[in-house]
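A.B. asks: sharing a model prediction with you, sequence too.
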Amino acid sequence: MKFSDFGFKKFLNDALEKIGFVSPTKIQEKVIPLLKKHKSVIAQSHTGTGKTHSFLLPILNNIDYESKKTQFVIVTPTRELARQIYKNVKELLEFNSESSVALFVGGDDFEKQAIALKNKQPLIVVGTPTRLKNLYEQNALQITTAKNVVIDECDMIFDLGFIDELDFILSKMNENVSISLFSATISNGLKPFLSKYLSKAIFIESTEKKPSNKNIEHVLVWTKNKENKDVLKIIVDSINPYIAMIFVNKKDQIKEIISWLNEFGIKNVGELHGDLDARVRTNMQKRIQNMEFKWIVASDVASRGMDIDGVSHIISIDLPKELEYYVHRSGRTGRNNYTGQSYILFNSNNQHQIDTLKSMGFTFTNKKLVQNDLVEITQKSKKKVINKNNPANIEEQKIISKYKAKSIKPGYKKKRKAEIDKIKKDIRRKHIKESIAKIKKAKYKKRREDLFDN
């Protein structure tokens, strides 16, 4: 199947041709026809499977571009993801001169945005929950006219505590609005929200049941008593990434990791986390998208939904408390049918988390440190399990022990085998006789019942 088979308007087909998109992904094949027919969907699929374009293409195709009112609202958990989707929308609308799209996120000038909205309402709105709510409360943004609302990475909106703001935004929409939700993971905590706003939505999920992309190799690095800095140095020396992302749980670890990389001789390092000033974050994101950095250190704010081209390696210094975030961390690599590796620094302290990931369907390659090298740990072949209660095995072990105690003589193996075969043959005969006796007894019992018990 090709994108041209969906019957999109010319401006979209022209944009797709320029971008180089030819064939849809599995999730796109399922979602696009439904949204094109104005249905509501809940779509769950791995990161890197094309979820963003699965909702952008059909809804941008359906918009009435002669209208002066807002028709499409996209809500995202982070500024980074909002900016990325805004960029995707602009790319798809390159050949549509009648379109208008606006980005509303925290850190940008609120007053400037409010004044611009007094003059003109955009057809398409991309933003974060709090900024959208505040603009509405100031009577600047008129979202009640929207015909389509998409919530991207809804799980993270819930995790970050923005569900009330999202609830406020959706409560202001008209009754006929089509609401759709997209995420790589959907937690149980979202069920009340889904029941309230998406009870009639069609649920779509990827066919792959495992939580991880099959193109990603997950590697456990057994650290033993080594310091994280020393382990990271060995990993850095053993890989040659196109782009590598290093994840930490705490923002104050980022500067420390950057200083380690500087000591390793890596001077140009990108960083992405919530403590960066809004302008610095925006500039950093642009530089990352322009591939100015081979190494990037990030907190989990960067792991949700962001599409950074060329990430070949992920390194988790520690595992996130919410293990769903590991799905998103590792999902930065292995995208668009490329392969990738995700390394985890592993010790006895996070064994329970690894066990949980395994129960979720993750499989791991195990490596250990040997003289400053990473060496794969191969599983030793399992010994043959002997059923000690089996009579044949009991007798067999007796014969083996008998010959084991004696000095080796010519033909001993042949004699030992002959004795073992005789024992097994006698046991089989005995078993057959017992079975025949049981059958005869059962037949006799049934015959007696037929004759006397009626």
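C.D. replies: On my side now, so go ahead.

A.B. asks: need phi/psi at residue 337.
C.D. replies: Dihedral pair for residue 337: phi 70, psi 10, per degrees, to the nearest 10.

A.B. asks: nearest spatial neighbour of it, skipping sequence neighbours?
C.D. replies: residue 215 (6.7 Å; CB to CB, 6 or more residues apart in numbering). For every residue, glycine as well, the C-beta is placed using N, CA and C.

A.B. asks: could you pull out the helices for the stretch 151-300 of the chain?
C.D. replies: 154-159, 163-171, 191-197, 228-238, 252-263, 278-289 (DSSP state H, counting those that start in this stretch).

A.B. asks: closest one to residue 322 among the ones you listed?
C.D. replies: helix 154-159 (6.8 Å; CB to CB).

A.B. asks: check the offset of the closest one from the chain's centre.
C.D. replies: With CA atoms, centre = their mean, to the nearest Å as the basis, helix 154-159 stands 15 Å off its chain's centre.

A.B. asks: and it, what does it pack against?
C.D. replies: helix 163-171, strand 178-183 (3 or more CB pairs under 8 Å, 6 or more residues apart in numbering; DSSP states H and E).

A.B. asks: need the residue closest to the centroid of the chain.
C.D. replies: residue 327 (3.6 Å; CA atoms, centre = their mean).

A.B. asks: I'd say that one and residue 47 touch.
C.D. replies: Yes. If you go by CB atoms under 8 Å, residue 327 and residue 47 touch, sitting 7.3 Å apart.

A.B. asks: got any residues that touch both of these two?
C.D. replies: residue 184 (CB atoms under 8 Å, 6 or more residues apart in numbering).

A.B. asks: from residue 345, how far off is residue 220?
C.D. replies: Distance from residue 220 to residue 345, counting by CB to CB, to the nearest Å: 9 Å.

A.B. asks: let me fix that, I meant to ask about residue 134.
C.D. replies: From residue 134 to residue 345 the distance is 41 Å (CB to CB).

A.B. asks: what do you get for residue 272?
C.D. replies: Residue 272 is 20 Å from residue 345, by CB to CB.

A.B. asks: go on, residue 72?
C.D. replies: The value you get for residue 72 to residue 345, if CB to CB is used, is 43 Å.

A.B. asks: same thing with residue 205?
C.D. replies: For residue 205, the distance to residue 345 - CB to CB - is 31 Å.

A.B. asks: the more surrounded of these two?
C.D. replies: Higher neighbour count among residue 205 and residue 345: residue 345, with 19 against 14, using other CB atoms under 10 Å.

A.B. asks: list the contacts of that one.
C.D. replies: By CB under 8 Å, 6+ apart, the neighbours of residue 345 are 221, 223, 228, 231-232, 315-318.
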